[in-house]
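Asker: Sequence and predicted structure below; questions after.
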Amino acid sequence: MLFRTLIISLLLALSALPAFGIAKSRPFSGNGLLVIRPFPPQRDDVRALAIYREPGVERIAELDGKDLPPLAPVIQGRREEYPVAVIGKKGNWLRIAYDDAGREGWLEMPRYWEYSPWGSFLKGRAARLLPGLKKDLYLLRREPSPTSPQIDTLSRQKNLRIIEIKEDWALVLVDLTAYGWMRWRDNDGRFAISIDDKFDPQKH
């Protein structure tokens with residue numbers, strides 16, 4: 001009887017899943033964005049990304065850029081470029097999560113890669129809300145505070161232009177008609193928005 005109950009419970013749980021399996025979690029944001037570019041031809045001695053336990057100390061992994069956890073659907077990298085969330089920074093050394101299990105290590109950044117704190121990268125960008133968010137992440141507020149008066153409820157169809165970043169909050173222009181503050185990441189540091197390269201409010 002107990003076995004039968006367990007089987008029924010398992011089948012009910014599986015039936016509640018999406019048709020194509022468990023949806024992937026939204027990516028963690030970290031402190032900023034690293035864009036990894038291909039090594040130049042003259043660096044034929046370098047074939048992989050070297051990951052260290054501490055900056056320059058104890059190599060723990062060698063990976064190709066395509067093996068790193070992707071930031072999609074938040075950011076789509078150009079061909080042969082790999083956007084990665086940065087967790088920490090010491091000079092030219094950046095701490096990243098290098099696999100889907102969340103294991104972290106340090107990567108040395110050459111001059112032809114690009115690092116930007118999120119406040120710098122997101123400012124002026126067009127964005128849209130991601131699907132499946134908690135209700136409070138769809139709220140547009142007067143000030144960057146969860147207790148600030150609500151101005152509007154946003155939807156995924158709204159076109160957003162990021163004006164300013166203040167910690168977890170973004171001041172946005174909504175459909176060229178209204179301003180307000182919204183959360184661009186949740187309390188766990190996961191993204192609530194995706195960067196919309198196709199829509200540019202300044203051209204509409």
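Answerer: Perfect, I can see it now. Numbering: from 1, shown residues only.
Asker: tell me the SS of the nearest residue to Ile193 once chain neighbours are set aside?
Answerer: Nearest in space to Ile193, with sequence neighbours left out and distances taken as Cβ to Cβ, 6 or more residues apart in numbering, is Ala127 at 4.4 Å. To be clear about C-beta, it is placed using only N, CA and C from the backbone, and glycine gets the same treatment. Taken by DSSP: H, G, I helix; E, B strand; the rest coil, the conformation at Ala127 corresponds to strand.
Asker: Report the beta-bridge partner residues of the closest residue in space to Glu58 that isn't next to it in sequence.
Answerer: In this structure, Glu58 finds its nearest non-sequential neighbour in Tyr52, 6.0 Å apart by Cβ to Cβ, 6+ apart. For Tyr52, the beta-bridge partners are Arg59, Trp106 (DSSP bridges).
Asker: how close does Tyr52 sit to Glu108?
Answerer: According to Cβ to Cβ, to the nearest Å, Tyr52 and Glu108 sit 8 Å apart.
Asker: Arg95 now?
Answerer: Look at Arg95 and Glu108: by Cβ to Cβ, they are 11 Å apart.
Asker: For these two, indicate the residue with more neighbours.
Answerer: The residue with more neighbours, out of Arg95 and Glu108 and counting by other Cβ atoms under 10 Å, is Arg95; that gives 20 against 15.
Asker: Pretty sure that one sits against Lys89.
Answerer: Yes: taking contacts as Cβ atoms under 8 Å, Arg95 lies within contact range of Lys89: 7.1 Å.
Asker: returning to that earlier point: hey, what's in contact with both of Tyr52 and Glu108?
Answerer: Applying Cβ atoms under 8 Å, 6 or more residues apart in numbering, one finds that no residue jointly contacts Tyr52 and Glu108.
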